[in-house]
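Novice: what follows is a predicted protein model with its sequence.
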Amino acid sequence: MTTFTGTGVLLRFSLRRDRVMIPVWVAVNTLMVLSIPGTLKSTYATAADRADLLHQVATNSSFRALIGPVFDDSLGALTAWRVGVYAGALAGVTALLVVVRHTRDEEESGRQELIASGAVGRRASLTAALLAAAVASAVLGLLVAAGLSGQGAAGAVAFGLGLAGVGMVFATMAAIVAQLTESARLARGLTAGLLGTAFVLRAAGDAASTDGSSPLTWLSPLGWLENLRPFAAERWWVLGLFAAAVALQGTVAYGLAGRRDVGMSFLPTRPGPPTGSLGTAAALAWRLQRGAVLGWSIGFFLAGVVYGGLTDGVADLVGDNKQAREIFERMGGQSGITDAFLASMTGMLGLVAALYVVASVLRLHGEETSGRAEPLLANAVGRLRWAAGHLAVAFGGSVLIMLLAGAGLAAGYGKEVGPILGACVVQVAGVWVIGGLAVLLYGLAPRLAPAAWGVAGAVLLIGWVGPALDVPQTVLDISPFGHLPKLPGGGMEWGPVLVLLGIALVLVGGGLAGLRRRDMTT
């Protein structure tokens, strides 16, 4: 038996398990990219509009930090500039989730030990996980290249390869982290932290340079993507950086995988305190999820600071461009451009917060399927009491991160503290509806619980792309966020907020009723 025996079977199994997650994440990313050219074509229709945009980006370091430098005024180059960093980051998130799910998650649940007892090579599971991530990255790259081919074949291929390259860099990075840590949650958190570090390095480098030449930019795989310069005299040699990073990190991951026992890690788990403080199910839920809450809280506060710092310059960036102004108004209401920008940013942060609440709610599903919930429920802890601890962290945590996002926006903008905090809190009603749907799916049909990710992704896509494409209001109303008042700047409407909160309450109640009656996963 070779070290790779069984890789094909495990790959098919991995793709079958991810038959919902991978298509949803790839579809969201692809549609996000392909929706941009049409929007840019109508927004910057003339050469003068595009020249003014290039001048504004070159002279505004904050916007370069947020999006990156622009290298050409062609529609393809503007598309790569506008969405490249975020599409690359989303490709990295998809890849790291796939790899950790099929490596450390399997070991933590005990399934990997059963698999390893059969005719399976020592490195087959790791290889299958990396190949699954490669499939997701390759499909994304192919779809993006095909969709943008009308803007120029060479640029489309370069952009597609760059996105796939970013995905594989973070896939192999996750493979290394999965060997070092004993917890899948920690592996995801550390790799996501490295992705965040890559974004910060690129942002700092782009703020200091107008052409992506800063050493900080070159330290980030996201910086490599922009320096590949799709549709702007492509630098094909940059693809060698992706290949070298993937080869080096893959070699390290395989070397580590061959030097440890299944279920063990190179970084020992820190023992808990000598006197326990987990006397309740709620305390245990907080212990399990506090790291995620802390990470999301820091991320939302920093994002708020960045967006708040951009507010004063948004009027200059939009200028007299009627189409750009209309997009902001569709996202943030018919108030002045500054308030419309703030409202659109709070709306975007609310959409991202929906991802947090889904991840936090589905921690219940992970605890159940891993078998850790069963011994807990065998004691004097009821199902509802157990679930309530995690739901308190999920729904309470969403309030916390939105408040911190508002505090960051107000700090970055330097004014309107009360209205901005209120605008962020209003978004919680939409977040809770998505969280309530996740609870309902988990309680009634736990096998369908991961579909909540698809719902959150669809809502994110509608909120992000819908206003730019000027889709009908009936489509925007599919999302609960489409019914929220546009604050700050607009008038407060309590009716839709209360209705959404009521819907969330009904969904949570239905999910808990289903959890109380159904059999637990064995």
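Specialist: Received, thanks.

Novice: next, count neighbours for R82.
Specialist: Neighbour count for R82, taken as other C-beta atoms under 10 Å: 21. All C-beta spots, glycine's among them, are computed from the backbone N, C-alpha and C.

Novice: and it, what does it touch?
Specialist: With contacts defined as C-beta atoms under 8 Å, 6 or more residues apart in numbering, R82 is in contact with I36, L40, I67.

Novice: which residues in the stretch 1-150 of the chain form strands?
Specialist: Counting by DSSP state E, counting those that start in this stretch, the stretch 1-150 of the chain forms no strands at all.

Novice: show me where it has helices.
Specialist: For the stretch 1-150 of the chain, the helices defined by DSSP state H, counting those that start in this stretch cover 7-17, 21-34, 36-43, 47-59, 61-66, 75-102, 104-109, 111-116, 124-147.

Novice: test my guess that D73 contacts V57.
Specialist: No. Contact criterion C-beta atoms under 8 Å: D73 and V57 do not qualify, at 10.7 Å.

Novice: ok, the two, which is more surrounded?
Specialist: Using other C-beta under 10 Å, the more surrounded residue of D73 and V57 is V57, with 19 against 15.

Novice: need the contact list for the more buried one.
Specialist: F63, R64, I67, P69, V70, W81.

Novice: ok, it to L10 distance?
Specialist: 46 Å (C-beta to C-beta, to the nearest Å).

Novice: same check on L377?
Specialist: With C-beta to C-beta as the criterion, L377 and L10 are 31 Å apart.

Novice: who's more crowded, those two?
Specialist: Each of L377 and L10 has its neighbours counted (other C-beta under 10 Å); L10 has more, 24 against 16.

Novice: in space, what's closest to that one - neighbours in sequence excluded?
Specialist: A128 (3.7 Å; C-beta to C-beta, 6 or more residues apart in numbering).

Novice: so which residues of the stretch 201-350 of the chain form helices?
Specialist: Under DSSP H, counting those that start in this stretch, the stretch 201-350 of the chain gives helices at 215-218, 221-227, 239-257, 281-318, 322-332, 337-361.

Novice: dump those helices to TSV, plus mean pLDDT, distance to L444 and mean neighbour count.
Specialist: Shown next, in TSV, are the helices of the stretch 201-350 of the chain (pLDDT from 0 to 100; distance: least, C-beta to C-beta, whole Å; neighbours: other C-beta atoms under 10 Å):
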stretch	mean pLDDT	distance to L444	mean neighbour count
helix 215-218	92	48	17
helix 221-227	94	40	27
helix 239-257	93	39	16
helix 281-318	80	21	18
helix 322-332	55	34	19
helix 337-361	86	13	25
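
Novice: sorry, back to before: can you put the contacts of V57 in CSV and add neighbour count, distance to G511 and pLDDT?
Specialist: Listed next are those as CSV, based on neighbours: other C-beta atoms under 10 Å; distance: C-beta to C-beta, whole Å; pLDDT from 0 to 100:
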residue, neighbour count, distance to G511, pLDDT
F63, 21, 42, 73
R64, 24, 44, 80
I67, 18, 39, 81
P69, 22, 46, 88
V70, 24, 46, 88
W81, 26, 42, 89
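
Novice: kindly reformat the residues you listed as CSV containing distance to L461.
Specialist: Converted to CSV, the contacts of V57 look like this (distance: C-beta to C-beta, whole Å):
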residue, distance to L461
F63, 23
R64, 26
I67, 19
P69, 26
V70, 24
W81, 20
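
Novice: where in the protein is pLDDT low?
Specialist: Across the chain, the ranges flagged by pLDDT under 70 are 1, 62, 109-110, 112-113, 116-118, 121, 261-278, 313-336, 466-471, 521-522.

Novice: closest to G92 out of the helices of the stretch 201-350 of the chain?
Specialist: Within these, the stretch nearest G92 is helix 221-227; the backing value is 7.5 Å (C-beta to C-beta).

Novice: residues in contact with the strand or helix carrying P375?
Specialist: Assigned by DSSP states H and E, P375 belongs to helix 373-377. Residues outside helix 373-377 that contact it (C-beta under 8 Å, 6+ apart): A281, L284, L364, E367, E368, R383, W386, M520, T522.

Novice: just the helices in the stretch 351-500 of the chain please.
Specialist: Counting by DSSP H, counting those that start in this stretch, the helices of the stretch 351-500 of the chain are 363-369, 373-377, 383-413, 417-426, 428-444, 451-469, 473-476, 494-517.

Novice: out of these, nearest to G193?
Specialist: Nearest of those (C-beta to C-beta): helix 383-413, 16.3 Å.
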